[in-house]
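Peer 1: Let me see the structure of the following:
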Amino acid sequence: MDQLQFDCNSKLIVTMMKSLSLTVLTASFLITSGFSQDAIEEDVFEYTVGEVDYLTGEGFNVGGFLVPEIFFIGTGGVTEPGSDVGDFANSEHDPQNDVTVQAIDVDLILNFNDVVTGFIAGTGFQIEDSVWEAELEEAFLHFNITDNLAIGGGQFLNTFGFQAHQHVHGWDMVNQNLINSRMLNEGHLFTQGGEVLFKTPNSGLLSLALGGVRSHAHDHGHDDHDDHDEHEEEHHDEHEDEHDHHFESHDAGFNDWVLSADYKFRLPFDDSVVLSTSLATGENGFGGDTHLYGVGLQKVWNGHDHGAGGPDFCTGALMFRTEFFGREVEAIHEDGDVENFDDYGLSSLLSYGLSDATTISFRHDWVSDVEELELSDTHRFSPSITTYVDPAQRIKLRLQYDNVQSASLESEHVAWLQVQFQWGGDGGSHANHNH
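Peer 2: Okay, the predicted model is just below:
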């Protein structure tokens, strides 16, 4: 076990060193803005000079322009007898073991006088059978040309809707939304290329991105938890029909390149409402094109102004968020035949702030059945309670229950207990953890 941990730590160090090199190279190509992609949702990170608390990392920086953050996320799950918590995982960042290290996120925030900013993120996590993996998630720079225009590039989480650009420590729930897991390459669309950001009136932000897609290193096939080995055997017996082809569900996602646009803005007559529209198109694993679109809405009641351009969710506030994804997939068979099919899904979240430290939430997820990909119609109902247990709000506990209704699952019930520790950066519910 010691050797395994040493290997994992070595991988993380190597990954972070590579990310630094990538960022330096990126600077000579494209650099990105002084405002973050989720500026309309949360306070922009601001570095302030002050005393350093080395126990929590608050106030710690390197040279006044480099701020590190470390997040440790451990999760345990309990299911019905005879079931496996891994059956409920829909992405490689969902918990896949009874007790697991869901993520160790190491982030570096760069800020050069609010003109050139950047972000580097590496993560280590455990997949099935507690096997360790490590990967570079983001390494980009932004250059703020004007107050309203920025360009940038590198490797980044493509912005699509409310959830896709968030790291695991920024999720509202233990696991990824079903629509993101199914339609956005396991929830995170890693893009290597450039982007342009336009800040618009009403705290709006238009993000345009173009680049290659960095596929996940491991295809776990968790979409609706099909047993692919059994399916492959079944299809070998059905090859008598030349038109009976077996598709792997992950190949419906973006595989080579992607062009995307995402626009979020507050209503001019009600700044407590945020609307989101998103589009993306690119080549999939079938050799055809996938066209993805999304629309969303977020409304906050009894919010308080924390300087983010509108009311924020906090004590006594009620927030409702919903978004719909749909995609059209073009699949090209080996014999040249072309087949097209559609896929749809909806994710909704209702949260209430019992205090600045404690939030109760309820999420409903739905994704449609896709016969061509052998994916089942699935509903998931998830109540949760999240609370910070320390005054500095750096230790967070979350208790969540999932009820999953799907023909592809034998079990319907799983309960989660998650603990998160943060070192560095700003703690608390208003910290800018999604960059």
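
Peer 1: Tally up the residues packed near Val338, please.
Peer 2: 11 (other C-beta atoms under 10 Å). C-beta: built from backbone N, CA, C; applies to glycine.

Peer 1: quick one: the residue nearest to it when sequence neighbours are not counted and Ile145, what's the gap?
Peer 2: Leaving aside its chain neighbours, Val338 sits nearest to Ile332 (5.6 Å; criterion: C-beta to C-beta, 6 or more residues apart in numbering). According to C-beta to C-beta, to the nearest Å, Ile332 and Ile145 sit 41 Å apart.

Peer 1: next one: Gln418
Peer 2: Taken as C-beta to C-beta, the span from Gln418 to Ile145 is 40 Å.

Peer 1: cool, and Ser351?
Peer 2: Counting by C-beta to C-beta - Ser351 and Ile145 are separated by 36 Å.

Peer 1: Tell me which of the two has more neighbours.
Peer 2: Each of Ser351 and Ile145 has its neighbours counted (other C-beta under 10 Å); Ser351 has more, 19 against 14.

Peer 1: Please tell me how far the more buried one sits from Phe156.
Peer 2: Relative to Phe156, Ser351 is positioned 27 Å away (C-beta to C-beta).

Peer 1: Can you tell me the element the nearest residue to His379 once chain neighbours are set aside falls in?
Peer 2: Leaving aside its chain neighbours, His379 sits nearest to Gln405 (4.5 Å; criterion: C-beta to C-beta, 6+ apart). Secondary structure here is read from DSSP states H and E; on that basis Gln405 sits in strand 395-406.

Peer 1: Render the CA-only coordinates of whatever helix or strand comes next after that strand in CSV, please.
Peer 2: Later in the chain than strand 395-406, the nearest helix or strand by DSSP H and E is strand 413-423. Extracted in CSV, the C-alpha atoms of strand 413-423 (Å, rounded to 0.1, in the frame of the first residue of the first chain):
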residue,chain,number,x,y,z
HIS,A,413,-31.2,2.5,-3.1
VAL,A,414,-27.8,3.9,-2.0
ALA,A,415,-26.8,6.3,0.8
TRP,A,416,-23.6,8.4,0.8
LEU,A,417,-21.5,10.1,3.5
GLN,A,418,-18.9,12.5,2.2
VAL,A,419,-16.3,14.5,3.9
GLN,A,420,-14.2,17.3,2.3
PHE,A,421,-11.1,19.1,3.7
GLN,A,422,-9.8,22.3,2.1
TRP,A,423,-6.3,23.9,2.5
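
Peer 1: now strand 413-423 and strand 395-406, what's the angle there?
Peer 2: Here the directions of strand 413-423 and strand 395-406 differ by 150 degrees (axes from the mean of the first three to the mean of the last three C-alpha atoms, to 10 degrees).

Peer 1: Now do the buried residues in strand 413-423.
Peer 2: Of all the residues in strand 413-423, those buried under the rule 16 or more other C-beta atoms under 10 Å are Val414, Trp416, Gln418, Gln420, Phe421, Gln422, Trp423.

Peer 1: would you turn these into JSON lines with distance to Gly76 and pLDDT?
Peer 2: JSON lines is the format used below for the buried residues of strand 413-423 (distance: C-beta to C-beta, whole Å; pLDDT from 0 to 100):
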{"residue": "Val414", "distance to Gly76": "11", "pLDDT": "96"}
{"residue": "Trp416", "distance to Gly76": "7", "pLDDT": "98"}
{"residue": "Gln418", "distance to Gly76": "8", "pLDDT": "98"}
{"residue": "Gln420", "distance to Gly76": "13", "pLDDT": "98"}
{"residue": "Phe421", "distance to Gly76": "15", "pLDDT": "96"}
{"residue": "Gln422", "distance to Gly76": "19", "pLDDT": "96"}
{"residue": "Trp423", "distance to Gly76": "22", "pLDDT": "95"}
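
Peer 1: ok, of those residues, which one's closest to Lys396?
Peer 2: The shortest approach to Lys396 among the buried residues of strand 413-423 belongs to Gln420, at 4.4 Å (C-beta to C-beta).

Peer 1: Distance check, the closest one against His167.
Peer 2: In terms of C-beta to C-beta, Gln420 sits 12 Å off from His167.

Peer 1: shared neighbours, those two?
Peer 2: Residues touching both Gln420 and His167 (C-beta atoms under 8 Å, 6 or more residues apart in numbering) are Phe71.

Peer 1: Give the helix, strand or coil label for Cys314.
Peer 2: coil (DSSP: H, G, I helix; E, B strand; the rest coil).

Peer 1: What score does it have for pLDDT?
Peer 2: On pLDDT, Cys314 comes in at 86.

Peer 1: Show me where the stretch 251-400 of the chain has its strands.
Peer 2: Along the stretch 251-400 of the chain, the segments classed as strands by DSSP state E, counting those that start in this stretch run 254-267, 270-284, 289-301, 304-305, 311-312, 318-332, 338-353, 358-367, 378-388, 395-406.
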